[in-house]
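Trainee: Structure, please.
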Amino acid sequence: NGRTFPRPEWANRQFFPNASKTGKLLDIAPAHGCHGALLYRDHYQYKLDLHTCDFSPCYNKLLTILGVKVNHVDLRFDNIGNEYEDDETFDVIALTEVLEHVDQAAEDRTCEGLHRITHKGSRLLITFPVKALPHGGVPQPNDPLGHIRQPIVDEVIAKLHGFSALESGKFSGGRYDQRYIILERK
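Mentor: Sure, this is the predicted structure:
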């Protein structure tokens, strides 16, 4: 049909070849299930046990059908670190196109919670639009994309205590250019 999904394609080329190919993967807020299905359509080569969480369980219906373990987590209010058992950790976490949808307090809670659900060597992928707020940096009422703020790479990295930034940069995301950060838990 001519449509492309550049974020999953980019991640499959640039992130996953260097991330753990076994263990547990958590996709946080996978965009109505479509992103997760596309990003991990080749997951069988990685042999990762797939988990996902989002604020609306219906978004993950497709992933549930595919056998992905789905949790109900609303990052606007919940701390991701409290939503899993104390001994449950993930080897790989994808937090793509999420932070521009939550306020500063939710970003802070999410970054703090990621430490609790990872272990030494866990890899983390974060992406967000270069210009999440294209109208002069001002959130628009009823923005069809639901963007309420512009995340900043250095601020996100600073909040992720216990993680080392391995790489950050930009990639062409089709309609919107994307910033990315790849981190590893120390």
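Trainee: make it CA atoms for all contacts and neighbour counts henceforth
Mentor: Fine.
Trainee: Going by neighbour count, list what's buried in stretch 131-146.
Mentor: Residues 131, 132, 133, 139 are the ones in stretch 131-146 that count as buried (16 or more other Cα atoms under 10 Å).
Trainee: so how far is that stretch from its chain's centroid?
Mentor: Centroid separation for stretch 131-146 versus its chain: 20 Å, with Cα atoms, centre = their mean, to the nearest Å.
Trainee: and it, how far apart are its ends?
Mentor: 13 Å (Cα to Cα, to the nearest Å).
Trainee: what mean pLDDT does that stretch have?
Mentor: Across stretch 131-146, the average pLDDT comes to 82.
Trainee: Please shift the residue numbers so they start at 54 in all later answers.
Mentor: All right, first residue 54 from here; so that's stretch 184-199.
Trainee: which ones are touching residue 172?
Mentor: 142, 143, 144, 238 (Cα atoms under 8 Å, 6 or more residues apart in numbering).
Trainee: Same list (the buried residues of stretch 184-199) but as CSV, adding distance to residue 168 and secondary structure.
Mentor: Listed next are these as CSV, based on distance: Cα to Cα, whole Å; DSSP: H, G, I helix; E, B strand; the rest coil:
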residue, distance to residue 168, secondary structure
184, 27, coil
185, 26, coil
186, 28, coil
192, 30, coil
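Trainee: Among the contacts of residue 172, which lie within helices?
Mentor: Of these, none are assigned to helices by DSSP state H.
Trainee: Name the nearest residue to the most centrally placed residue in the chain, ignoring sequence neighbours.
Mentor: The centre of the chain sits closest to residue 148, judged by Cα atoms, centre = their mean, with a distance of 1.1 Å. Leaving aside its chain neighbours, residue 148 sits nearest to residue 179 (4.8 Å; criterion: Cα to Cα, 6 or more residues apart in numbering).
Trainee: Check which element follows whatever helix or strand the one you found lives in along the chain.
Mentor: Assigned by DSSP states H and E, residue 179 falls within strand 171-182. Counting by DSSP H and E, the element after strand 171-182 in chain order, helix or strand, is helix 206-212.
Trainee: Show me what counts as buried in that following helix.
Mentor: 206, 209, 210.
Trainee: before we move on, the earlier item: my hunch is that the residue nearest to the centre of the chain is in a helix, does that hold up?
Mentor: No - applying DSSP: H, G, I helix; E, B strand; the rest coil, one finds residue 148 to be strand, outside a helix.
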